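Undergrad: quick one, structure for this:
(one chain, ligands or ions: 1)
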Amino acid sequence: MEERDAYIRAGEITRMIKEKVPAMVRNGTTYLELARFVEGTIVEQGAHPAFPVNISVNNISAHDTPTIDDVRTFKDGDYVKVDIGAQIDGFIADTAMTVKVGENDDDLIKASKDALEAAIEMVRPGVRTNEIGGAIEEAIRGYGFRPIENLSGHGLEQYVCHSSPTIPNYDTGQGVALREGDIIAIEPFATDGIGKVMDADEHLIFKYVADRPVRLDLARKVLGTIKRNYNTLPFAERWLSEIYTKRKTEFALKYLVRSSSIYAFAVLKEANNGNVSQSEHSMFVTSDGAEVFT
Ligand code: CO
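TA: Predicted coordinates:
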């Protein structure tokens, strides 16, 4: 498939999934049911997950995804952020939405949504990334909330989820000019907290880094599976647990992190435990502006 067609098809799949997410995110639904629906649909439609679906609730801002035996459920009033990546031949559509369980109308969600729209309006060749960040910040502050300063949008490249340019969620004072042909994802996060995220203790998403000497037989086998199945893209502990069992997977992943063969993404939480909403779209930068494909 041509590069452009692959992005567009991957984007269509994510759009279809997003349409069905609000009906699924209800009081009592398990995180695991939602994850299986999102990732299962991606595969059913002929693509692959570009990363494990991130299901991050309330003050948890990103990088959460269920384990194989996860029993967590959504509760009324939860802010459920669903960040979805689908890829075809490594060409990635990256998109996210926030649903408040049991409610349709919420200012925190509107803040990140409006910020994303304002940012998309600004996209054209020559616009600087910090100007886009400024528009995001202004929209979010207009609702009385703060943008999360240490999370940002990014470029998309084949088999690379986060490449340059970085697109900040506030005006950093300096940035780079967008160019025609850039492929970018913009993802404002709004919070009623302090506007920063920090690492939590859990690590549920990983990615391959490099070949290092691995003496443990099981770890070597797991590393082979990682390279074959996920290439350089992020993967979930849950995916490997389905192959190797949870106990063996946890053991092998610890070993591989220690040997720097793989990298562990920490779950990210809002530094003041504020609630967080997120909106994200992927787009081509064209001479006329943004062509959104998610
Ligand atoms: Co993204």
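Undergrad: how far off centre is stretch 150-167?
TA: From the chain centre to the centre of stretch 150-167 is a distance of 11 Å (Cα atoms, centre = their mean, to the nearest Å).
Undergrad: got the contact list for the closest residue to residue 187 other than its chain neighbours?
TA: Nearest-residue entry for residue 187: residue 280, 3.6 Å, with adjacent residues in sequence omitted and distances by Cβ to Cβ, 6 or more residues apart in numbering. Heads up, the C-betas are built off the backbone N, CA and C, glycines and all. Applying Cβ atoms under 8 Å, 6 or more residues apart in numbering to residue 280 gives the contacts 83, 94, 95, 96, 97, 116, 153, 185, 186, 187, 188, 294.
Undergrad: can you tell me how far the last one is from residue 87?
TA: Computed as Cβ to Cβ, to the nearest Å, the residue 294 to residue 87 distance reads 12 Å.
Undergrad: list the residues that contact both of the two?
TA: With Cβ under 8 Å, 6+ apart as the test, residue 294 and residue 87 both reach residue 93.
Undergrad: and residue 105, which helix or strand is it part of?
TA: For residue 105, there is no host helix or strand (DSSP states H and E).
Undergrad: count the residues that sit near the closest residue to the ion within the stretch 101-250 of the chain.
TA: Closest residue of the stretch 101-250 of the chain to the ion, Cβ to the ion: residue 185 (4.3 Å). The tally of other residues near residue 185 (other Cβ atoms under 10 Å) stands at 24.
Undergrad: before we move on, the earlier item: now the phi/psi pair for the residue nearest to residue 187, please.
TA: The phi/psi pair for residue 280 (degrees, to the nearest 10) reads phi -150, psi 140.
Undergrad: do you know the pLDDT at it?
TA: Model confidence at residue 280, given as pLDDT, is 98.
Undergrad: okay, and the beta partners of it?
TA: residue 96 (DSSP bridges).
Undergrad: distance check, it against the ion.
TA: Going from residue 280 to the ion by Cβ to the ion, to the nearest Å gives 5 Å.
Undergrad: okay then, goodbye and thanks.
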